[in-house]
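Novice: please find the sequence and the predicted model below.
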Amino acid sequence: MNSADKLLGVLGLFSEERPEWTAEQMMKETGFTRPTLYRYLKSLRETGLVTSVSGSAFSLGPRVTELDYLMRKADPLIAHGQSALEELTAQSQCSAFLVRWYRRKILCVSSLVSARAPVTSYPRGRPMPLARGAISRAILAWLSKREQEEIGGSNLAEFARMGAGETVDQIHATLRRVRKEGVAIAYGELTPGVVGIAAPILDAGSAPAAALCMTVAETEVTPKQTTYLASRVRDLAQGISAKLIDTDNTKHSAQENRMETR
């Protein structure tokens, strides 16, 4: 590992399960010597990425909040997807989400709520399960077969409990059906009594970059309404995909033009 990897490794220690670390715990986990660890902590503290808490412990610092604000202003997914969130929350008493897919994690980056008593187990910033829920299946359905087999094989018990298949082949068949329909629907898999509807947002190579999702109380929708909402989520997600691809193509064209004029 080079110095940059080691520095990022210190940041990577912080998690929902363990948001605070002492220096001794960090040294034990990373294998770094005390001088090496304190050199990295000094850099992270000076940039505000890490701060001291409870006297001898460390947690993530205020710079992380600042970076989050900047990400939300610059992320094209949020810029192009905001209108979809507004449309879905205007149509139903629901919660609508934009979620990113990265490093085999599913993470909400933006949401709007119109439900009278919204209930969610995974607010913005908290990674979602890979083997439960409509969002998971909407994204996994567009991965390669090899990736599906790896994720399916690592989460067989959870997929089986959700009725998505008891073997890797059965899971692959379930995801193939989701891909054909272009949208996934799940009942109470993440939050009891809640219907989740999700569709993938694809990049130029037809790989999943994100997903659009809405959740609504089962008591608020009929099967017919659920079918209609699923079609709207699918169509809106396809519209966001087209905008993202167009934005990407425009950037590439601009870069090529700059190169030609040099």
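Specialist: Sure, I can see it. Residues are numbered from 1 along each chain as shown.
Novice: ok, which stretches of this protein are strands?
Specialist: 21-22, 50-53, 57-60, 95-102, 105-113, 184-187, 194-202, 208-217 (DSSP state E).
Novice: show me what the residue minimising distance to the centre of the chain is bridged to.
Specialist: The centre of the chain sits closest to residue 107, judged by Cα atoms, centre = their mean, with a distance of 2.2 Å. Here residue 107 sits in beta bridges with residue 100, going by DSSP bridges.
Novice: now do the same for it: its pLDDT.
Specialist: We have a pLDDT of 92 for residue 107.
Novice: how far away is it from residue 81?
Specialist: 14 Å (Cβ to Cβ, to the nearest Å). Bear in mind the C-beta positions are built from the backbone N, C-alpha and C, glycine included.
Novice: same question for residue 133.
Specialist: Applying Cβ to Cβ to residue 133 and residue 81 gives a distance of 19 Å.
Novice: what's the answer for residue 215, then?
Specialist: 16 Å.
Novice: cool, residue 5 as well?
Specialist: 32 Å.
Novice: which of the two has more neighbours?
Specialist: residue 81 (25 against 9; other Cβ atoms under 10 Å).
Novice: who are the neighbours in contact with the more buried one?
Specialist: 98, 110, 201, 210, 212, 240 (Cβ atoms under 8 Å, 6 or more residues apart in numbering).
Novice: and the chain, what are its domains?
Specialist: 3-65, 75-253 (automatic domain parsing).
Novice: what's the spacing between residue 65 and residue 48?
Specialist: 9 Å.
Novice: quick one: residue 166 from residue 89, how far?
Specialist: Distance from residue 166 to residue 89, by Cβ to Cβ: 37 Å.
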